[in-house]
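1. how would this look folded up:
(chains A, B and C)
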Amino acid sequence: MQFPLNAAQREAVQCDGAPLLVLAGAGSGKTRVITAKIAHLCGRGVDASRIVAITFTNKAAREMRERAEQALRADGVASKLSISTFHSFGLRIVREEATALGLKRGFSIFDPSDIEPIVAELGATADRARARSMQWKISQWKNALVEPSAALASASSDDELAAARAYAGYRDALAAYQAVDFDDLIALPVALFDNDADARARWQARIAHLLIDEYQDTNGAQYRLFRHLVGRDTPFTAVGDDDQAIYGWRGATLDNLAALPRDYPELRVIKLEQNYRSTVRILRCANALIGNNPKLFDKRLWTELAHGEPLRVAPAADEEAEAVAVVRRLLAHKFERRTKLSDYAILYRGNHQARPFETALRAHSIPYEISGGQSLFERTEIKDIVAYLRLIANEDDDPAFVRALQVPKRGVGQATLAHLGRVAQARHTSLFGAVFEAELASAVPSRQRAALEAFCAMVNGIRHRAEREPAGRLLDELLRTIAYADWLTSTLDKRDAQARSQSVDDFVAWLTRKGEADGKNLLELTQMVALITMLEGREQERPDAVRLSTLHAAKGLEFPHVFLVGLEEGVLPHREAIDAGNIDEERRLMYVGLTRAQQTLSLSYCATRKRAGEKVDCAPSRFLAELAQEDLRYADRPLSGDEASQAKQTGNARLAALKALVAR
DNA sequence: TAGAGATTAGTTTTT
DNA sequence: CTAATCTCTA
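-> Predicted coordinates:
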């Protein structure tokens, strides 16, 4: 955006001494306002290290840092800014206040896969789905700052009761493991600040101005943390859009937006309504759609940009036909308009919807970048290595102990582990600690015992140096000692082993760099890894690729040309949301999708869809009927099966010719 | 203990 | 119809 700031934007930037709420419509230059404001604050002599900006995703944080660096060319200043996600900021607090919170320095951060078996056991269930739903409920309680006792009192169904009972035990288990979960990174600082005025004052003094992005997505715990951090007189800037609140399922509540004017009577509210992104037609459809939602703040987007092309609405026989049609159209469009692949995005409701599009894109060797999906840190090989790191940092981390002990195999199996577990329980110690208990000798053969002791000695050896020596050296040593690469080659076929070995190498190289750049030791790096979902610097590997993304992951992004797919009842709006009567949030999700598009927008839906192997009829989404009909152009009726397969063949032939042209 | 086959359950978004 | 988990055998 090369325009100067508009009046509202300027006002938001210059209002620096008071609490401020910026209601920033989609595409209204929100990020620009935030970065300009940071620059403005620095210009007014505010110490950069006391400016704190909080986002929800790592991606947003990284972007904001980049933009701030551009805005603040003065060297060294931008790097002093504190720009992080809510959770990383919480981690910083927990880390610095670990002792007060009863945690050791190397405490572990459990991810949902560590937690599931714990909750399953506490809830006395072997049913994974049930365990997950209990885990889910516990998380909801934590996000709403509900204590186990209160949860127990309020539980209304059998399921809730079981979850509430497991909740207290789960808390104890985390304490025993010296571990925290994601929700604790917010809830623990809140609990600390609730009770400790000194700590509160200390942290407040570190913040001269607090900026929060995507404020509408804060949950109860986050709002309370926010209030503790700004106290009574720290000025802040909250930026958000009630029409883009799409994280209600994660405990986010628009109450926090409504509460702000109440809790801060001197609050200034500035609306950004000029849109710099989309055509008139796209905006008119988005406005029409969102007009069906109740309004918290009155707001209407307008633009000076072109009228634009009508939005295309295309039916398809099924999801495969839809994918084929979208890809064909995309290629034809690219050829006609001489665009780049990265100008296109295909957006959908759920991750599983990506598959037919991946298949169709791959069939034409079109590079694509898929957001969401499995992140590097969820891959088995990375989790294996991280288990070692966690155990090195924290010997009480039993889940990490179990994983590290078994990968690579070192002749210790289920039976030994079971004995170890019994001893640990009897002695009130961790699995690691149980290895050194005398009574283990009676149950476990000496060969296994030797393996266990060697394992623990190795871990201890690295632990003693973890805080002093460079992380890179220790990582190399660890990998050599456990011979992880050898294990991969001996258990997997060559291709697989190579791929995994490569990703381990990437991971280690990245950690090493990170350790050097930020001066972090192995313990701190290990904690950071738990919060990162995407490997930085991975994106530029595919400089020109079609973007596949869920609507949630697409928030904050924009694309010249967007395909919004799977617009069916039961998909968008999602069945569960329909049943729960939560259509408003689905509508906002659709709104987010529409407002990602700059120039053209193509909407599609399927007549049938495969569900558990069977074809099911689908109805077009009700949201289609809520758009500005004069801005839509409906394509033909859905193709019959025969027509579809025929079209597929002729289409493919045409496509091959097109592709040859495009390739030049 | 580890890999290959059988069985069974699955439908939402993520720090 | 997958994909992941479980069970059985070497």
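2. in chain A, which helix has the most residues?
-> For chain A, the helix that runs over the most residues, judged by DSSP state H, is helix A:494-518.
3. from chain A, which residue is nearest to DNA strand B?
-> In chain A, no residue comes nearer to DNA strand B than residue A:413, which is 1.6 Å away by C-beta to the nearest atom of the strand. C-beta here means a position set from N, CA and C on the backbone, and glycine is covered the same way.
4. list phi and psi for that residue.
-> phi -120, psi -160 (degrees, to the nearest 10).
5. neighbours of it, just the number please.
-> By other C-beta atoms under 10 Å, 12 other residues sit near residue A:413.
6. buried set for the longest helix of chain A?
-> A:497, A:500-501, A:503-504, A:507-508, A:510-512, A:514-515 (16 or more other C-beta atoms under 10 Å).
7. ranking helices and strands of chain A by mean pLDDT, which lands last?
-> Using mean pLDDT, DSSP states H and E, the weakest-scoring helix or strand in chain A turns out to be helix A:641-663, at a mean of 50.
8. angles on the backbone of the residue of chain A positioned farthest from its centre, please.
-> Here chain A reaches farthest from its C-alpha mean at residue A:442, the gap being 47.5 Å by C-alpha atoms, centre = their mean. Main-chain torsions, residue A:442, degrees, to the nearest 10: phi -70, psi -20.
9. measure it to residue A:261 for me?
-> Separation of residue A:442 from residue A:261 (C-beta to C-beta, to the nearest Å): 68 Å.
10. one more: residue A:35?
-> From residue A:35 to residue A:261 the distance is 26 Å (C-beta to C-beta).
11. more neighbours: which of the two?
-> Neighbour count, other C-beta under 10 Å: between residue A:35 and residue A:261, residue A:35 has more, with 24 against 15.
12. give me the buried positions along the helix or strand hosting the more buried one.
-> Under the criterion of DSSP states H and E, residue A:35 resides in helix A:30-43. By neighbour count on 16+ other C-beta under 10 Å, the buried set for helix A:30-43 is A:30-42.
13. that one - contacts with which helices or strands?
-> Packing contacts for helix A:30-43, counted by 3 or more C-beta pairs under 8 Å, 6 or more residues apart in numbering; DSSP states H and E, involve helix A:7-14, strand A:20-24, strand A:51-55, helix A:58-71, strand A:209-212, strand A:236-240.
14. convert the C-alpha atoms of it to PDB, please.
-> Taking Å, rounded to 0.1, in the frame of the first residue of the first chain, the C-alpha atoms of helix A:30-43 are listed here in PDB:
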ATOM      1  CA  LYS A  30      -4.500  -2.700  10.100                       C
ATOM      2  CA  THR A  31      -0.900  -4.000  10.100                       C
ATOM      3  CA  ARG A  32       0.200  -0.800   8.600                       C
ATOM      4  CA  VAL A  33      -1.400   1.100  11.400                       C
ATOM      5  CA  ILE A  34       0.200  -1.100  14.000                       C
ATOM      6  CA  THR A  35       3.700  -0.700  12.500                       C
ATOM      7  CA  ALA A  36       3.200   3.000  12.000                       C
ATOM      8  CA  LYS A  37       2.200   3.300  15.500                       C
ATOM      9  CA  ILE A  38       5.200   1.500  16.800                       C
ATOM     10  CA  ALA A  39       7.400   3.800  14.700                       C
ATOM     11  CA  HIS A  40       5.400   6.800  16.100                       C
ATOM     12  CA  LEU A  41       6.000   5.600  19.600                       C
ATOM     13  CA  CYS A  42       9.700   5.200  19.100                       C
ATOM     14  CA  GLY A  43       9.800   8.700  17.500                       C
END
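15. is residue A:246 in contact with residue A:588, as I believe?
-> Yes - counting by C-beta atoms under 8 Å, residue A:246 touches residue A:588, with 5.5 Å between them.
16. name the residues contacting each of those two.
-> Shared contacts of residue A:246 and residue A:588 (C-beta atoms under 8 Å, 6 or more residues apart in numbering): none.
17. low pLDDT regions in the stretch 451-600 of chain A?
-> The stretch 451-600 of chain A contains residues with pLDDT under 70 at A:533-542.
18. what residues does it have near DNA strand B?
-> Contact residues (C-beta under 7 Å from any atom of the strand) of the stretch 451-600 of chain A with DNA strand B: A:491, A:531, A:533, A:550, A:552-553, A:574, A:576-577, A:580.
19. list buried residues within the residues you listed.
-> Buried, going by 16+ other C-beta under 10 Å: A:531, A:550, A:552-553, A:574, A:577, out of these.
20. which residues touch residue A:341?
-> By C-beta under 8 Å, 6+ apart, the neighbours of residue A:341 are A:334, A:366-368, A:544-546.
21. name the nearest of these relative to residue A:627.
-> Relative to residue A:627, the closest of these is residue A:546; by C-beta to C-beta it sits at 24.3 Å.
22. contact partners for that closest one?
-> Counted by C-beta under 8 Å, 6+ apart, residue A:546 has contacts A:330, A:341-342, A:344-346, A:361, A:366-369.
23. what about those residues, which are in strands?
-> Of the contacts of residue A:546, the ones assigned to strands by DSSP state E are A:344-346, A:368-369.
24. now distance to DNA strand B, pLDDT and neighbour count too, for the residues you listed, in CSV please.
-> Shown next, in CSV, are these (distance: C-beta to the nearest atom of the strand, whole Å; pLDDT from 0 to 100; neighbours: other C-beta atoms under 10 Å):
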residue, distance to DNA strand B, pLDDT, neighbour count
A:344, 19, 95, 27
A:345, 14, 95, 23
A:346, 14, 95, 30
A:368, 16, 90, 20
A:369, 14, 87, 18
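25. distance check, the residue lying closest to residue A:440 once chain neighbours are set aside against residue A:455.
-> Using C-beta to C-beta, 6 or more residues apart in numbering and skipping the chain neighbours, the partner closest in space to residue A:440 is residue A:423 (5.3 Å). Between residue A:423 and residue A:455 the distance is 16 Å, computed by C-beta to C-beta.
26. higher neighbour count, those two?
-> residue A:423 (22 against 19).
27. picking up where we left off before, distance of the residue nearest to residue A:440 relative to residue A:556?
-> Distance, residue A:423 to residue A:556, using C-beta to C-beta: 51 Å.
28. try residue A:330
-> As judged by C-beta to C-beta, residue A:330 and residue A:556 stand 22 Å apart.
29. please apply the same query to residue A:114.
-> Counting by C-beta to C-beta - residue A:114 and residue A:556 are separated by 29 Å.
30. more neighbours, those two?
-> residue A:114 (24 against 19).
31. buried set for stretch A:360-378?
-> A:360-361, A:364, A:366, A:368-372, A:376-377.
32. could you list which of these belong to helices?
-> The helices, defined by DSSP H, take in A:360-361 from the buried residues of stretch A:360-378.
33. ok so, going back, just checking, the residue nearest to residue A:440 touches residue A:441?
-> No - using C-beta under 8 Å, residue A:423 is not in contact with residue A:441; the gap is 10.2 Å.
34. which non-adjacent residue is nearest residue A:322?
-> Nearest residue to residue A:322 in three dimensions, chain neighbours excluded: residue A:316, at 3.6 Å (C-beta to C-beta, 6+ apart).
35. hmm, residue A:608 and that neighbour touching each other?
-> No - between residue A:316 and residue A:608 there is no contact under C-beta under 8 Å: 9.3 Å.
36. more neighbours, those two?
-> More neighbours surround residue A:316 than the other of residue A:316 and residue A:608, with 24 against 18 (other C-beta under 10 Å).
37. tell me the pLDDT at the closest residue to residue A:23 other than its chain neighbours?
-> Leaving aside its sequence neighbours, residue A:23 sits nearest to residue A:271 (C-beta to C-beta, 6+ apart; 4.6 Å). We have a pLDDT of 94 for residue A:271.
38. look at residue A:271 and give its secondary structure.
-> Three-state call for residue A:271 (DSSP: H, G, I helix; E, B strand; the rest coil): strand.
39. neighbours around it, how many?
-> Residue A:271: 18 surrounding residues under other C-beta under 10 Å.
40. correct me, but it touches residue A:299?
-> Yes - in this structure residue A:271 lies within contact range of residue A:299 using C-beta under 8 Å: 5.7 Å.
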